[in-house]
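S.K.: my questions are about this predicted structure, shown below with the sequence.
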Amino acid sequence: MWYQKEIRLNPKARGFHLVTDELVCQLPELKALSLGLMQVFIKHTSASLTINENADPTVRGDFERFFNHAVPENEPCYQHLDEGSDDMPAHLKSSILGSSVTIPITNGRLNMGIWQGIYLCEHRNHGGARTVVVTIQGETKSSN
């Protein structure tokens, strides 16, 4: 079975946000699979996706502080300045972290570690709603 769906995520403030539940609640098709893969691709160049700690919110704050230090705004070497001082660093952060994640599906559920969650990494001050394409492939549960 193959399934594909575009999901519009609610707008988020700049930072790292858990979106696992926001995605899963819009994907009832997961429950029909005994095993498979789910790929999530973000259709933007100034936001990214990653998988990391889902329990302690200070981890997400530390991510934001680390990336702001590693990829600062207002660098004199930036030439792409038309969309604001946060835009070029957002493109760089997006490329570093990546535009997709792939998660195994087992018995109708995402098979991630207990402390893992899917992050939407919003790198713009005012990024707005973000769209992801979710592609699921797998074997449906037997009717026996």
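M.R.: Great, that's in hand. Fair warning: this is a prediction, and the values are worked out from it, not measured in the lab. Numbering: from 1, shown residues only.

S.K.: all strands for this protein, in order.
M.R.: For the chain, applying DSSP state E gives strands covering 2-9, 15-18, 33-42, 47-53, 100-106, 109-110, 116-122, 130-140.

S.K.: mind listing what the last one pairs with, with the direction of each?
M.R.: Strands that pair with strand 130-140, judged by DSSP bridges, come out as strand 2-9 (antiparallel), strand 33-42 (antiparallel).

S.K.: could these go into JSON lines alongside mean neighbour count?
M.R.: Just so you know, the C-beta spots here come from the backbone N, C-alpha and C atoms, and that holds for glycine as well. Listed next are the strands paired with strand 130-140 as JSON lines, based on neighbours: other C-beta atoms under 10 Å:
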{"stretch": "strand 2-9", "mean neighbour count": "13"}
{"stretch": "strand 33-42", "mean neighbour count": "18"}
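
S.K.: mind putting the ones you listed into TSV with distance to residue 73 and mean pLDDT?
M.R.: Below are the strands paired with strand 130-140 laid out as TSV (distance: least, C-beta to C-beta, whole Å; pLDDT from 0 to 100):
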stretch	distance to residue 73	mean pLDDT
strand 2-9	24	98
strand 33-42	21	98
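
S.K.: how about those in a markdown table, adding distance to residue 85?
M.R.: Listed next are those as a markdown table, based on distance: least, C-beta to C-beta, whole Å:
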| stretch | distance to residue 85 |
| --- | --- |
| strand 2-9 | 24 |
| strand 33-42 | 22 |
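
S.K.: and the longest helix for the protein?
M.R.: Longest helix in the chain, counting residues (DSSP state H): helix 57-70.

S.K.: report the angle between that one and strand 47-53.
M.R.: Here the directions of helix 57-70 and strand 47-53 differ by 130 degrees (axes from the mean of the first three to the mean of the last three C-alpha atoms, to 10 degrees).

S.K.: tell me which residues of helix 57-70 are tucked away?
M.R.: Judged by neighbour count using 16 or more other C-beta atoms under 10 Å, the buried positions of helix 57-70 are 60, 63-64, 67-68.

S.K.: pretty sure residue 22 contacts residue 12?
M.R.: No - assessed by C-beta atoms under 8 Å, residue 22 is found out of contact with residue 12, at 9.8 Å.

S.K.: among these two, which residue is more densely surrounded?
M.R.: residue 12 (19 against 16; other C-beta atoms under 10 Å).
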